[in-house]
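> When you get a sec, could you give me coordinates for this:
(2 chains)
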Amino acid sequence: MTELQADRPTGTLSAPRFQAEAKRSRYLDLSVALATFAVLAILPFVSGSKALLDFVIRCSAYGLFTTSLNLLIGYTGMISFGHGMFFGIGAYSFGLIMQRVGVPIPVAFVATLAITAVIAAVIGAICVRLKEIYFAFVTLAFQMLIHSTILSWASFTGGDQGLRGGLPRPPFLGIDLSNQLHLYLASCALLVVGLLAMRQIAQSPFGYTLRMIRDNPARASFIGVEVWRAKLTIFVLAALFASMGGMVMALFVSGAYPEFAYWTISGEAIFINMLGGVTTFLGPMVGTVLLLILNDTVTRLTEYYGIVLGIVILFFAIGLRKGLMDFVVERIAARNDRAGKRGRT
Amino acid sequence: MLSIQHLTKSFGGLKATDDVSLDFPGGSLTAVIGPNGAGKSTFFNLISGALTPDGGKILLDGADLAGRSPPEIMRRGIGRAFQVASIFPTLTVQETMLAAVCADQRRNSILHRRFPLVETRDRAEHAMEMLGLASKRHRVAATLSHGDQKLLDIALALVLDPKVLLLDEPTAGMGPEERWRMIEKVHELWEKQKITVVFIEHDMDIVFKIAPSIVVLCYGRILATGTPDAIRSDNAVIDAYLGTEEGGAA
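A predicted model of the protein is given here:
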């Protein structure tokens, strides 16, 4: 009894403060998103560089894709080696619908998400009950299956030539995605909205269910979490955002190519996650920008791109043993800690 | 009340639980003792659904839970803590409690709201206070001391408002003083929460002092059940288990 009283809570959260806290975190994310979009939207009017706009569009496509992979790796502990298949499926479904059906872009967008959801649900139902390395390898196997289907079903997918001849991009609601500026703004909007949605997932009660599964799935099931159902849900949700990334890519290159569905694209996404770090939400986004900058500068300077990239991977894996954002966040936390201690004494 | 009837489980040729029948009346405190390999943990694993029994019934207030999944059994009111603290290393104490209540209220699939949910607060606060973890609410679980991790593990079971709480060696790996503090906490929990508590314990001093009733398991069978006095003077128990310790214990 006395012991209990001695342990009286120090920082009890009252119910109203509880709700205020939740609201605050939401408004904070929203304002960061709006500010980011505003900066990106002004960019084309400040800088006349078309290459810069292309760079940001590619960052949007990859950023959606790699951040969605982090929902699996960083938040749930599911290391998928086949997440790139949904990037490829997004690009191909969208491209095929635009070329063959000729519907407005928003319709094709939604239809592609629906197709991705169905495929992801089927593949996920098979994969998510598998543990660790088995999960990794079976997802990889599905990636190869999708890739070889695209290659061999040439009459439908164009085989190794990909979807050529350009995608029709009819204007809708005054937006003309064949115009670079319009495409740029649309990509930025999709990126910001996509990131905001993924952030909401990560910070929702469901997001904390994922963290519990990552930390200790057996215990999670003992407190009443249906582990495989939660895993399947996040597998499908992550696939949707990867598919969105694929669609941005298809719009950007005005086509779709088998490389979009090749296993190396999954490998690249894993590498980007390692580069940026999986313990922070924005780690993969930072990793994406870093890798694309690295990619563009190195390929301009030397043809031995792989060697340079390999050295960078080794540096991060052996040297830092964590991603860049993990490193930065730890340093900031350590500094705050020191400042806090100085402040108290 | 929890009633176990003819519970059986074999691993290959080994009968880990052999026709065990036991009643745990509502609000009782029972210690399960027995030598290593007696089937104590298996018994807990069967009740909590971690293992599927080969035969027999597990009746909680009349409903048979044998063969159901751990989440379902938990929802019916049987919570458990583990021999090795089973916690979520990267979550803070408070997050752990709030997320657990969330799961129990079936709100853990909500996507459109932010964690933590206000309706999970009271129960989380209560559990943290009960186990004296409220002052460590912002500590990340992995950084807690061994004893506090065990308390957090129990808090995780308790926060779900179980009717029956199974504690697998709550004092495992603790020093003598810490053991007593832990067991006093368990006793206090039992008194205040008015739930059925069943715990596994190796330390005979502790068992004889705090448990009103004791079950002795040996080779998967019940060797004896009864009050501490009855167990202490039971010849079968002395032969099989207490053995030479008898002189010291008496």
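> Contacts made by stretch A:20-37 with the rest, please.
By CB atoms under 8 Å, 6 or more residues apart in numbering or on different chains, the surrounding residues in contact with stretch A:20-37 are A:13, A:188-189, A:192-193, A:195-196, A:199-200, A:203, B:113-116, B:118. In short, each C-beta sits where N, CA and C put it, glycine included.
> Widest-spaced pair of the residues you listed?
A:13 and A:188 (36.6 Å; CB to CB).
> more neighbours, the two?
The neighbour comparison of residue A:13 against residue A:188 (other CB atoms under 10 Å in any protein chain shown) goes to residue A:188, with 23 against 19.
> Quick one: classify the spatially closest residue to that one that is not a sequence neighbour as helix, strand or coil.
Beyond its immediate neighbours in the sequence, the residue positioned closest to residue A:188 (CB to CB, 6 or more residues apart in numbering or on different chains) is residue A:40, lying 4.3 Å away. Secondary structure, DSSP: H, G, I helix; E, B strand; the rest coil: residue A:40 is helix.
> which residues touch residue A:40?
By CB under 8 Å, 6+ apart, the neighbours of residue A:40 are A:56, A:188, A:192.
> Secondary structure element holding the first one?
In this case it means residue A:56. Assigned by DSSP states H and E, residue A:56 belongs to helix A:50-70.
> Render the CA-only coordinates of that helix in PDB, please.
Extracted in PDB, the C-alpha atoms of helix A:50-70 (Å, rounded to 0.1, in the frame of the first residue of the first chain):
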ATOM      1  CA  LYS A  50      13.500  21.100 -66.300                       C
ATOM      2  CA  ALA A  51      15.900  18.500 -65.000                       C
ATOM      3  CA  LEU A  52      15.100  19.500 -61.500                       C
ATOM      4  CA  LEU A  53      11.400  18.900 -62.000                       C
ATOM      5  CA  ASP A  54      12.100  15.500 -63.600                       C
ATOM      6  CA  PHE A  55      14.200  14.700 -60.600                       C
ATOM      7  CA  VAL A  56      11.400  15.600 -58.100                       C
ATOM      8  CA  ILE A  57       8.900  13.500 -60.200                       C
ATOM      9  CA  ARG A  58      11.200  10.500 -59.900                       C
ATOM     10  CA  CYS A  59      11.700  11.200 -56.200                       C
ATOM     11  CA  SER A  60       7.900  11.100 -55.800                       C
ATOM     12  CA  ALA A  61       7.500   7.800 -57.600                       C
ATOM     13  CA  TYR A  62      10.300   6.200 -55.600                       C
ATOM     14  CA  GLY A  63       9.400   7.900 -52.400                       C
ATOM     15  CA  LEU A  64       5.900   6.500 -52.300                       C
ATOM     16  CA  PHE A  65       7.300   3.100 -53.200                       C
ATOM     17  CA  THR A  66      10.100   3.000 -50.600                       C
ATOM     18  CA  THR A  67       8.100   4.600 -47.800                       C
ATOM     19  CA  SER A  68       5.500   2.000 -48.300                       C
ATOM     20  CA  LEU A  69       8.100  -0.700 -48.000                       C
ATOM     21  CA  ASN A  70       9.100   0.800 -44.600                       C
END
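> tell me what it is packed against?
helix A:15-46, helix A:180-203, helix A:227-253, helix A:263-276, helix A:283-301 (3 or more CB pairs under 8 Å, 6 or more residues apart in numbering or on different chains; DSSP states H and E).
> For residue A:311, grab the count of nearby residues.
Counted with other CB under 10 Å, the burial measure for residue A:311 works out to 10 neighbours.
> That one: what's it in contact with?
Contact partners of residue A:311, counting by CB under 8 Å, 6+ apart, are absent.
> Next one: it from chain B, what distance?
31 Å (CB to the nearest CB, to the nearest Å).
> got it, and residue A:16?
Summarising the geometry, the distance separating residue A:16 from chain B, computed by CB to the nearest CB, is 9 Å.
> before we move on, what about residue A:243?
Residue A:243 is 18 Å from chain B, where distance means CB to the nearest CB.
> quick one: which helix or strand includes the residue nearest to that residue when sequence neighbours are not counted?
In this structure, residue A:243 finds its nearest non-sequential neighbour in residue A:90, 3.2 Å apart by CB to CB, 6+ apart. For residue A:90, the element it lies in under DSSP H and E is helix A:84-96.
> and whatever helix or strand comes next after that helix, how far out from the chain's middle?
Helices and strands here follow DSSP H and E; after helix A:84-96, the next one along the chain is helix A:105-127. Between the mean C-alpha point of helix A:105-127 and the mean C-alpha point of its chain there is a distance of 16 Å (CA atoms, centre = their mean, to the nearest Å).
> Helix A:105-127 near chain B at all?
No. On the criterion CB under 8 Å from any CB of the partner chain, helix A:105-127 is out of touch with chain B, staying 14.7 Å away.
> Any chance you could list what contacts that helix?
Outside helix A:105-127, the residues that touch it by CB under 8 Å, 6+ apart are A:80, A:85-86, A:89-90, A:93-94, A:97-98, A:101, A:103, A:135, A:138-139, A:142, A:169-170, A:172, A:177, A:231-232, A:235-236, A:239-240, A:242-244, A:247.
> which regions of chain B lie under the pLDDT threshold?
Segments of chain B classed as low confidence (criterion: pLDDT under 70) are B:242-250.
> helix, strand or coil for residue B:216?
Three-state secondary structure (criterion: three-state DSSP) places residue B:216 in strand.
> thinking it is in contact with residue B:30, fair?
No. Between residue B:216 and residue B:30 there is no contact, the gap being 11.2 Å when judged by CB atoms under 8 Å.
> Looking at the two, which is more packed in?
Of the pair residue B:216 and residue B:30, residue B:216 is the one with more neighbours under other CB under 10 Å, namely 25 against 19.
> Render the CA-only coordinates of stretch A:175-182 in PDB, please.
Only the C-alpha atoms of stretch A:175-182 are listed here, as PDB (Å, rounded to 0.1, in the frame of the first residue of the first chain):
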ATOM      1  CA  ILE A 175      -5.100  19.000 -65.600                       C
ATOM      2  CA  ASP A 176      -3.000  18.000 -68.500                       C
ATOM      3  CA  LEU A 177      -0.500  15.400 -67.400                       C
ATOM      4  CA  SER A 178       1.300  15.400 -70.700                       C
ATOM      5  CA  ASN A 179       2.500  18.900 -69.700                       C
ATOM      6  CA  GLN A 180       5.600  18.600 -67.600                       C
ATOM      7  CA  LEU A 181       4.600  21.300 -65.100                       C
ATOM      8  CA  HIS A 182       1.100  19.700 -64.600                       C
END
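> Nothing else from me, thank you.
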